[in-house]
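**Student:** Model the following, please.
(chains A and B)
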Amino acid sequence: MINMEKAPASAWRKFDARYNMVGTVCITCNTSYFPSRIVCKNCGRNTKMGEKRFKGTGEIFSLTKIHVPAEAFKESAPYVIGVIKLDEGPMVEGHIVESGKEPIIGGKVKQVFRRMYTDGEEGLISYHFKFELI
Amino acid sequence: MQYTLKIEEELKKGNFMRDVAIIGIGLTRFGERWEHGMRELMAEAGIKAITDANIGSKDVEMIYGSTMASGRFVGQEHMAALLSDQLGLKNIPAVRIENACASGGSALRQGYMAVASGMHDIVVVGGAEKMTDVTTSEATTALGGAGDQEWELSQGITFPGLYALMAKRHMFEYGTTEEQMASVAVKNHDNAAKNEYAQFRKHITISDVLNSKMVADPLKIFDCSPISDGAAVVVLAPLETARKYNDTPIKIAASTQASDTLGLAERDSLTEIKATKIAAAHAYKTTGLSPKDINVVEVHDCFTIAEILAMEDLGFYEKGKAAKAIFDGETRLNSKLSVNTSGGLKGCGHPVGATGIKQAVEITLQLRGEAKDRQVSNAEIGMTHNVGGSGATAVVHIMKRAN
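**Tutor:** The predicted structure follows:
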């Protein structure tokens, strides 16, 4: 668990990925990765990886509603988690926010920027991408 | 060093590997063991195993210990040295193996390799977890470390949540139902009722499972393995000298392992555990056996859907066919294939670091013919299947009576 009070750097160094969905792309085989990878799964280390900002659009591949949460998420339970197949290829896990519509497998989603959790009463607020049904 | 010379001799003869046997087993009762801490549990199982192996403590050359998260559960790392210490095994090398929920199976494989290579003769492999000293929420967080901490746990995706994502996709692709998943728990509780070491020795019904509290849709509390305390220990020896200690040594015919991406979403498929398929394929190849040769198997049913995936990925059923077969009773005790006779993780309990070793203890009991009320008739060849995380590690062992 990221504890921003004790280890702010661990949250800070993920800002690009968590706020803007920045991953990587292999310049040789053009495979996109989110979260970012240093080594391409296809080309190994015999290539270079470039940064890539994902559009954040895709569809729900699987989903669940979590009723018994981990410690830091007690306040927000229950919440819906989806595996989202991004339009660029990779699959990624993320929250699906309440929108009045019932999320189902195959449903189209887009990325939104939301609060993830608050680190205690006086702690910092952690933000993250989430997904919303289109 | 004596063992270095031994390896050189073996290399000269062209014998790179020795056969390895289990000559001793020890288990604690699994469950909420409020009166005992981790070290008492380890000592209880360890003394039983060493006594069962009919060896002296001075015979033991090396010890492998496995816990998944003893640092989170009881604040104690360095557990292999502690296990050696508590068993009075003076000054021998001791190493802890951590491989999430597959810690036990992984430690067993390390012990197997140490004996097979000729590096050591008698090796003790012990696993333990003391989970009930923390709250459920703290335990959920500790277990979450078996997944991808930066992208799963950090978003509040719990372990039941990861398996729920697999279950939902399996339901979508193959029409698997909640009743079929529930039947896994019912079967495993029936088996656990016959096991004196099991945490839950009571029968449940499908409607009990369906009406239990929702954890991560579609998984209810009765679809999930419990939080447990317990320890399991085995003693390994070269097969060629095993009869010196034990009349019915159990040969480890295959010890195989594979890994995959830590994060669930990065896998090729959500409806199979590829690491299981690879480890199983290697195990069948090295032994020349096929799924139909296996009489009894302990699979990693951390959640009911996990047993369905395991039955498919180990090759017992085609993809999409296992759920109905389990519901129809094909994997009950002494039916077509006896699965999780101990009660599995669901019924027997899941003290994480002990689980992979407990599976080997159960198969040893079955192959020795000592499984009492839950004995599988004609148990000749058995298998264990231990998974780490949501499938980033899988360990498979095939075991048979040494003839």
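**Student:** where does the residue most central in space within chain A land in three-state SS?
**Tutor:** Centroid check for chain A by C-alpha atoms, centre = their mean gives A:Gly94 as the closest residue, at 4.9 Å. Put simply, A:Gly94 is strand when judged by DSSP: H, G, I helix; E, B strand; the rest coil.
**Student:** For beta bridges, what are the partners of A:Leu63?
**Tutor:** A:Gly82 (DSSP bridges).
**Student:** Can the helix or strand bottoming out on mean pLDDT in chain A be said to contact chain B?
**Tutor:** Lowest on mean pLDDT, DSSP states H and E among the helices and strands of chain A sits helix A:8-12, with a mean of 81. No. Applying C-beta under 8 Å from any C-beta of the partner chain, one finds helix A:8-12 separated from chain B by no less than 8.5 Å. No exception for glycine: its C-beta is placed from N, CA and C like everyone else's.
**Student:** Packing partners of the helix or strand just after that helix?
**Tutor:** Sequence order places helix A:15-20 as the next helix or strand after helix A:8-12, per DSSP states H and E. For helix A:15-20, the elements it packs on are strand A:125-133, judged by 3 or more C-beta pairs under 8 Å, 6 or more residues apart in numbering or on different chains; DSSP states H and E.
**Student:** Can I get stretch B:182-195 in CSV? Just the C-alpha atoms.
**Tutor:** These are the backbone C-alpha positions of stretch B:182-195, laid out as CSV (Å, rounded to 0.1, in the frame of the first residue of the first chain):
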residue,chain,number,x,y,z
ALA,B,182,-20.7,-23.5,-4.8
SER,B,183,-20.6,-27.3,-5.4
VAL,B,184,-16.8,-27.1,-5.0
ALA,B,185,-17.1,-25.7,-1.5
VAL,B,186,-19.8,-28.3,-0.6
LYS,B,187,-17.6,-31.2,-1.8
ASN,B,188,-14.5,-29.9,0.0
HIS,B,189,-16.4,-29.4,3.3
ASP,B,190,-17.7,-33.0,3.0
ASN,B,191,-14.1,-34.2,2.7
ALA,B,192,-12.9,-31.9,5.5
ALA,B,193,-15.5,-33.4,7.8
LYS,B,194,-13.5,-36.6,7.6
ASN,B,195,-10.2,-35.0,8.3
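**Student:** Give the burial count for residue 52, as a bare number.
**Tutor:** Unless you meant another one, I'm taking chain A. Residues lying near A:Lys52 (other C-beta atoms under 10 Å in any protein chain shown) number 16.
**Student:** Correction: the question concerned chain B.
**Tutor:** There are 20 residues near B:Asp52, going by other C-beta under 10 Å.
**Student:** excluding its backbone neighbours, what's nearest it?
**Tutor:** With sequence-adjacent residues excluded and distances taken as C-beta to C-beta, 6 or more residues apart in numbering or on different chains, B:Asp52 is closest to B:Gly24, at 4.1 Å.
**Student:** before we move on, back to that, show me which residues of the least confident helix or strand of chain A are buried.
**Tutor:** Judged by neighbour count (16 or more other C-beta atoms under 10 Å in any protein chain shown), helix A:8-12 contains these buried residues: A:Ala11.
**Student:** From the chain's centre, how far out is the helix or strand where B:Met399 lies? Work that out for me.
**Tutor:** Assessed by DSSP H and E, B:Met399 sits inside strand B:393-401. For strand B:393-401, the separation from the chain centroid amounts to 9 Å (computed by C-alpha atoms, centre = their mean, to the nearest Å).
**Student:** other SSEs contacting it?
**Tutor:** Using 3+ C-beta pairs under 8 Å, 6+ apart, strand B:393-401 sits against helix B:103-116, strand B:250-259, helix B:274-287, helix B:352-368, strand B:381-388.
**Student:** wait, which of those is closest to B:Leu337?
**Tutor:** When the helices and strands packed on strand B:393-401 are ranked by distance to B:Leu337, counting by C-beta to C-beta, first place goes to strand B:381-388 at 9.9 Å.
**Student:** Got phi/psi on the residue in chain A sticking out farthest from the centre?
**Tutor:** Computed with C-alpha atoms, centre = their mean, the residue of chain A farthest from its C-alpha average is A:Asn46, at 27.7 Å. Reported as degrees, to the nearest 10, the phi and psi values for A:Asn46 are phi -90, psi 50.
**Student:** List the contacts of it.
**Tutor:** A:Thr28 (C-beta atoms under 8 Å, 6 or more residues apart in numbering or on different chains).
**Student:** and it, what pLDDT?
**Tutor:** At A:Asn46, the model reports a pLDDT of 91.
**Student:** For A:Thr31, see how far away it is.
**Tutor:** Remark: distance between A:Asn46 and A:Thr31 (C-beta to C-beta, to the nearest Å) = 14 Å.
**Student:** before we move on, what about A:Ile81?
**Tutor:** In terms of C-beta to C-beta, A:Ile81 sits 25 Å off from A:Thr31.
**Student:** so what's the residue nearest to B:Asp52 scoring on pLDDT?
**Tutor:** pLDDT, B:Gly24: 98.
**Student:** Can I get the helix or strand where it lies in CSV, CA atoms only?
**Tutor:** Per DSSP H and E: B:Gly24 is located in strand B:20-27. Backbone C-alpha positions of strand B:20-27 (Å, rounded to 0.1, in the frame of the first residue of the first chain) are rendered in CSV as follows:
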residue,chain,number,x,y,z
VAL,B,20,13.9,-38.3,-3.9
ALA,B,21,11.4,-39.6,-1.4
ILE,B,22,9.2,-38.3,1.4
ILE,B,23,10.1,-40.3,4.5
GLY,B,24,8.3,-38.3,7.2
ILE,B,25,5.3,-36.1,7.5
GLY,B,26,3.9,-33.9,10.3
LEU,B,27,0.8,-31.6,10.5
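**Student:** contact partners of stretch B:132-150?
**Tutor:** By C-beta under 8 Å, 6+ apart, stretch B:132-150 touches A:1, A:14, A:35, A:68-72, A:74, B:32-34, B:37, B:68-69, B:72-74, B:100-101, B:131, B:152-153, B:157-159, B:162, B:227-229, B:262-264, B:352, B:388-390, B:392.
**Student:** Quick check on the residues you listed: which are buried?
**Tutor:** A:1, A:14, A:35, A:68-72, B:33, B:68-69, B:72-74, B:100-101, B:131, B:152-153, B:157-159, B:162, B:227-229, B:262-264, B:352, B:388-390, B:392.
**Student:** what number of residues lie near the closest residue to B:Val297 other than its chain neighbours?
**Tutor:** Distances taken as C-beta to C-beta, 6+ apart place B:Met383 nearest to B:Val297, at 4.3 Å, with adjacent residues excluded. B:Met383 has 29 neighbours, counted by other C-beta under 10 Å.
**Student:** wait, doesn't B:Met383 sit right on B:Lys400?
**Tutor:** No. At 9.9 Å, B:Met383 and B:Lys400 do not qualify as touching, with contact defined as C-beta atoms under 8 Å.
**Student:** Look at B:Asp268 and give its secondary structure.
**Tutor:** Here B:Asp268 is recorded as coil under three-state DSSP.
**Student:** so it makes contact with B:Lys274?
**Tutor:** Yes. If you go by C-beta under 8 Å, B:Asp268 and B:Lys274 touch, sitting 6.3 Å apart.
**Student:** neighbour-wise, which of those two wins?
**Tutor:** Of the pair B:Asp268 and B:Lys274, B:Lys274 is the one with more neighbours under other C-beta under 10 Å, namely 17 against 8.
**Student:** Find me whatever residue is spatially closest to that one, sequence neighbours aside.
**Tutor:** Distance criterion C-beta to C-beta, 6+ apart; nearest residue to B:Lys274, sequence neighbours excluded, is B:Asp260 at 5.2 Å.
**Student:** circling back to that earlier point, per-residue confidence at the closest residue to the residue nearest to the centre of chain A other than its chain neighbours?
**Tutor:** Leaving out its chain neighbours, the residue that sits closest to A:Gly94 by C-beta to C-beta, 6+ apart is A:Phe131, at 5.2 Å. Predicted confidence (pLDDT) at A:Phe131: the value is 98.
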